[in-house]
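>>> For reference, the sequence and a predicted model appear below.
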Amino acid sequence: MQDLLGLLSQIPDPEIPVINIVELGIVREAKMVAENEAEIVITPTYSACPAMFNIEEDIIKLFKENGITAKVITKIAPVWTTDWITDEAREKLRVYGITPPEKGNHADHLNIAKKCPRCGSENTKQISRFGSTLCKASYQCNDCLEPFDYFKCH
């Protein structure tokens, strides 16, 4: 499975290109089922995530380029959680300018102060519950005045 995960790690998330699909935690399982056939199980971050079609195509294309036929299976249970995002990916998000989600489910997470990924201030305000993608909300720092995205917990 490690070799397959290494291959899958080459595929960036189409909406957040600084992290890959393994770091994002959507790859649930990867196994060889025959000599040149792999089965990859993915779970969408949201049930209506439009990027899943691109991700499936990217997996099939990459594996084909490596002489492997890939069957991609999408499973919606268990439901994806931001807790599946790796610590390395959380740091990459922060450096990219997106405040990563806190670990653990926080029912009221959108109303908790977010740390600005640029200056580190917690003096921030929510601009919109909806950001550039379904999985993010828009915030602004009251100190450096920069807008930033927050990756929503769930």
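That came in fine, so what should we check first? The shown structure was predicted, so the numbers you read here are calculated from the model rather than taken from an experiment.
>>> Number of residues surrounding the closest residue to Thr82 other than its chain neighbours?
With sequence-adjacent residues excluded and distances taken as C-beta to C-beta, 6 or more residues apart in numbering, Thr82 is closest to Pro101, at 4.0 Å. Where you see a C-beta, it was placed from the backbone N, CA and C, and this is true even at glycine. For Pro101, the neighbour count with other C-beta atoms under 10 Å is 23.
>>> Same check on Ile21?
Number of residues near Ile21 (other C-beta under 10 Å) recorded here: 22.
>>> Test my guess that it contacts Pro14.
No. If you go by C-beta atoms under 8 Å, Ile21 and Pro14 don't touch, sitting 9.2 Å apart.
>>> Of all residues in the chain, which one is nearest the centre?
Residue closest to the average C-alpha location in the chain (C-alpha atoms, centre = their mean): Leu24, at 3.6 Å.
>>> which residues sit in contact with the closest residue to that one other than its chain neighbours?
Excluding the flanking residues, the one nearest Leu24 by C-beta to C-beta, 6+ apart is Asp13, at 5.3 Å. Asp13 makes contact with 19-21, 24, 51, 55 under the criterion C-beta atoms under 8 Å, 6 or more residues apart in numbering.
>>> What separation is there between Asp13 and Ile21?
From Asp13 across to Ile21, the span is 6 Å (C-beta to C-beta, to the nearest Å).
>>> Which pLDDT value goes with the residue nearest to the centre of the chain?
Per-residue confidence (pLDDT) for Leu24: 95.
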